[in-house]
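Trainee: build me a model from this:
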Amino acid sequence: MNQPAIRVLIVDDEAAIRRALRPPLAELGFQVHEASRGEEALQLLHSSPVDVVLLDINMPGIGGIETLRRIRAFAPRLPVLMVTVLEAEEEKVEALELGADDYITKPFSTRELIARIRTAHRRVHAPTRVEDAPIEIGEIRLTPARRSVTKRGQPVHLTRKEYDILYCLMSRAGRVITYARLLTAVWGADCREEVEYLRTFIRQLRKKIEDDASNPIYLLTDVYVGYRFADAQMLLEVSEGAPAESAAHEAEAEGVLKSIVE
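Mentor: As a prediction, the model looks like this:
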């Protein structure tokens, strides 16, 4: 039996971006809705439920951040991906702290966008994880009941704080965790500004869990924002590429996005 189409709401004041994204999404079976302002998006969400929102941060009217705040007031679990420009680090952090599921930076690959949409949708519909259930991603296995970590079946010896950081990231795999949120979760609110302190622990963790600490595949940095533990399924979808029939639409969409950003 075919799965129901994922309903995606694109909220962007740039009509060219909405036109560019609709064909590749529709061709892959997504049901696409559009809104040009935050106000219009909120009205649509109250009348026509969707599965994922792709929300531009910089828009006229109430803007993306305030739109996100209002969405979270009545739909706390609805996946929301923020669309940002490269230099918008503070806005990315603010959006994540307000409950955005992820962000994607213009210009972006439509393959990456599709993978992130699917990942966000899958995450919110996944069965609730048992608190002490082991987490296994790639060759890394974390067992909360024992506070133990293995790689390829061999024990990885972590300090207490290293384990706490890894658990925080692996239990939310695929999602970026801001520096402040990670510091607060592991050390408490008084340490939420100690980013260099956190970086030291991340470097040590990478030496223990990565094959090449200088080229990590698990513990990834979102520059100026935070860290995320790789979602293996999302990375698999990106590496496999888009289906051949959507290649022309993808090239057109990426060209439009690039020209608008430049």
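Trainee: can you give me the strands for the stretch 1-150 of the chain?
Mentor: 7-11, 31-35, 52-56, 80-84, 102-105, 135-137, 140-143, 148-151 (DSSP state E, counting those that start in this stretch).
Trainee: what about Leu44, distance to Leu166?
Mentor: 40 Å (Cβ to Cβ, to the nearest Å). Just so you know, the C-beta spots here come from the backbone N, C-alpha and C atoms, and that holds for glycine as well.
Trainee: for those two, indicate the residue with more neighbours.
Mentor: Per other Cβ atoms under 10 Å, whichever of Leu44 and Leu166 has more neighbours is Leu166, with 24 against 17.
Trainee: work out for me the element the more buried one sits within.
Mentor: Per DSSP states H and E, Leu166 falls inside helix 160-170.
Trainee: past that helix, which element shows up next along the chain?
Mentor: With elements assigned by DSSP H and E, the helix or strand that comes after helix 160-170 is strand 177-178.
Trainee: and whichever helix or strand comes after that following strand, which residues are buried?
Mentor: Downstream of strand 177-178, the first helix or strand assigned by DSSP H and E is helix 179-187. Residues of helix 179-187 classed as buried: 179-183, 185-187 (neighbour count, 16 or more other Cβ atoms under 10 Å).
Trainee: quick one: contacts for the residue nearest to the spatial centre of the chain?
Mentor: By Cα atoms, centre = their mean, the chain has its centre lying nearest to Asp102, at 3.1 Å. Shown in contact with Asp102 (Cβ atoms under 8 Å, 6 or more residues apart in numbering): 81-82, 116, 119-120, 174-176.
Trainee: got it, and His46?
Mentor: By Cβ under 8 Å, 6+ apart, the contact set of His46 is Phe74.
Trainee: state the distance from it to Ala75.
Mentor: 10 Å.
Trainee: over to Pro155?
Mentor: For Pro155, the distance to Ala75 equals 42 Å [Cβ to Cβ].
Trainee: and for Glu87?
Mentor: Going from Glu87 to Ala75 by Cβ to Cβ gives 29 Å.
Trainee: who's more crowded, these two?
Mentor: Counted by other Cβ under 10 Å, Glu87 and Ala75 do not tie: Ala75 has more neighbours, with 16 against 10.
Trainee: tell me the phi and psi of the more buried one?
Mentor: phi -140, psi 70 (degrees, to the nearest 10).
Trainee: go ahead and confirm it touches Leu45.
Mentor: Yes. The pair Ala75 / Leu45 is scored as a contact, 6.8 Å apart, by Cβ atoms under 8 Å.
Trainee: could the contacts of Asp102 go into TSV alongside neighbour count?
Mentor: Listed next are the contacts of Asp102 as TSV, based on neighbours: other Cβ atoms under 10 Å:
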residue	neighbour count
Leu81	20
Met82	27
Arg116	24
Thr119	24
Ala120	25
Gly174	22
Arg175	18
Val176	23
